[in-house]
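Asker: sequence and computational prediction follow.
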Amino acid sequence: MSAAVVRKTSAERLCPGAERSRSPWRKEVDNPYLPYPVRIESIVTETEDRNLKTFKFVFLDPEDEKKFDFMPGQFAELSVAGLGEIPIGIASSPTEKGFLKFTVNKVGKVTTHMHNMRAGEVMGVRGPLGNWYPWELLEGKNVVIIGGGFAFTTLRSSIVYMLDPANRPRFGDITVVYGARSPGLLLYKDELAAWEQRDDIRMHITVDATSDPDWRYNVGFVPAVTKQKAPSSDNAYAIICGPPIMIKFTLPVLTELGFPPDRIISSLEMRMKCGIGICGRCNIGTEYVCKDGPVFSLEKLAQLPNEY
């Protein structure tokens, strides 16, 4: 067996979809570490503290877009030449064609550099990586989405995916509980307002506290609002993604509402490096968050060491 074939088999085994996701120049070296070149089409500042910005990317090679075949729940590595790369959940939906969206929190050297970039500049996207929310299991079911703060990115992807006219008949009732510390820290405000006007999705938006006299939504922490709104567990799955403290106090609420562990789906945030299960940086016991996750059921998490 040739070395090239060995590398190809390894890439496919460690990163499902790596073979289909290569650009023409990746095909020659068959290297899952090489990113696709993308151009920044637009940048939107999402929050009043200006620490969260949504980047809209277009592929330099239209063929690369066809190969970047992803589902809601997956992530990618965003790279800046000479600085490094960072794992970020994909905020756009596969039903949105012609671009990718990522919402980036300014926390380190790569993200700080990105926040100083402008439309028209070029960087890299490597992926798609990881698994995704179990859409086959969710068909015909009611879906409860619970999110907090910055972690609403892949949930935005999921909502847009389910609300697409071609997909909406595949799912039952959709209920969303989404919270942030204050109104100015909510993501995707225009879309939240648009979803609230629809009659095929129930939106429960909340903030921890506010002095805004014009605030007309909920005030309270996500676990308390979830308990108050009490979404039914009948024929339903719950997807939860947010800060660890939010998840910690929301999981008992979902259990109290009757959601069994195999129908509570969570996405984990861990330190990741390679994104394809080689470096061993993100393992929880025998599972690699970047490759076997980041999406796990509560039933599966209960079988793993408490290291997350």
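Answerer: That came through, no problem. Numbering: from 1, shown residues only.

Asker: which residues does P294 contact?
Answerer: Listed by C-beta atoms under 8 Å, 6 or more residues apart in numbering, the contact set of P294 reads 73, 75, 130-131, 267-270. Any C-beta I mention is one placed from the backbone N, CA and C, and that applies to glycine too.

Asker: helix, strand, or coil at the closest residue in space to P134 that isn't next to it in sequence?
Answerer: Distance criterion C-beta to C-beta, 6 or more residues apart in numbering; nearest residue to P134, sequence neighbours excluded, is I265 at 6.6 Å. Classification of I265 using DSSP: H, G, I helix; E, B strand; the rest coil returns strand.

Asker: what's opposite I265 in the beta bridge?
Answerer: Counting by DSSP bridges, I265 forms beta bridges with I239, S297.

Asker: check contacts around it.
Answerer: Contacts of I265 by C-beta under 8 Å, 6+ apart are 133-134, 237-240, 295-298.

Asker: switch to 10 Å and redo it
Answerer: 73, 133-134, 137-138, 143-145, 237-241, 259, 295-300 (C-beta atoms under 10 Å, 6 or more residues apart in numbering).

Asker: try N218
Answerer: 177-179, 204-207, 224-225, 228-229.

Asker: domains in the chain, by residue range?
Answerer: As recorded under automatic domain parsing, the domains making up the chain are 3-121, 135-267.

Asker: put together CSV for those, with mean pLDDT and distance to T286 on each row.
Answerer: Listed next are the domains of the chain as CSV, based on pLDDT from 0 to 100; distance: least, C-beta to C-beta, whole Å:
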stretch, mean pLDDT, distance to T286
domain 3-121, 82, 15
domain 135-267, 96, 18
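
Asker: among those domains, which is nearest C274?
Answerer: Among these, domain 3-121 comes nearest to C274, with 7.4 Å by C-beta to C-beta.

Asker: before we move on, back to that, among the contacts of I265, which ones are in helices?
Answerer: 137-138, 298-300 (DSSP state H).

Asker: mind checking which of the residues you listed are buried?
Answerer: Neighbour counting by 16 or more other C-beta atoms under 10 Å classes 138, 298, 300 among the ones in helices among the contacts of I265 as buried.

Asker: dump the residues you listed to TSV, plus distance to S93.
Answerer: Shown next, in TSV, are these (distance: C-beta to C-beta, whole Å):
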residue	distance to S93
L138	15
L298	25
K300	25
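
Asker: so how many other residues sit close to the spatially closest residue to T250 that is not a sequence neighbour?
Answerer: Spatial nearest neighbour of T250, chain neighbours left out: P223 (4.5 Å); criterion: C-beta to C-beta, 6+ apart. As a burial measure, P223 scores 22 neighbours (other C-beta atoms under 10 Å).

Asker: do G108 as well
Answerer: G108: 12 neighbours (other C-beta under 10 Å).

Asker: equivalent analysis for V253, please.
Answerer: Neighbours of V253 (other C-beta under 10 Å): 19.

Asker: can I get the host helix or strand of it as CSV, trimmed to CA atoms?
Answerer: Per DSSP states H and E, V253 falls inside helix 244-256. Extracted as CSV, the C-alpha positions of helix 244-256 are listed here (Å, rounded to 0.1, in the frame of the first residue of the first chain):
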residue,chain,number,x,y,z
PRO,A,244,-21.5,25.2,32.1
ILE,A,245,-23.3,26.8,35.1
MET,A,246,-26.5,27.2,33.0
ILE,A,247,-26.4,23.6,31.9
LYS,A,248,-25.7,22.4,35.4
PHE,A,249,-28.9,24.0,36.8
THR,A,250,-31.1,23.3,33.7
LEU,A,251,-30.5,19.6,33.4
PRO,A,252,-32.4,18.9,36.7
VAL,A,253,-35.3,21.0,35.4
LEU,A,254,-35.5,18.9,32.2
THR,A,255,-35.4,15.7,34.3
GLU,A,256,-38.2,17.1,36.5
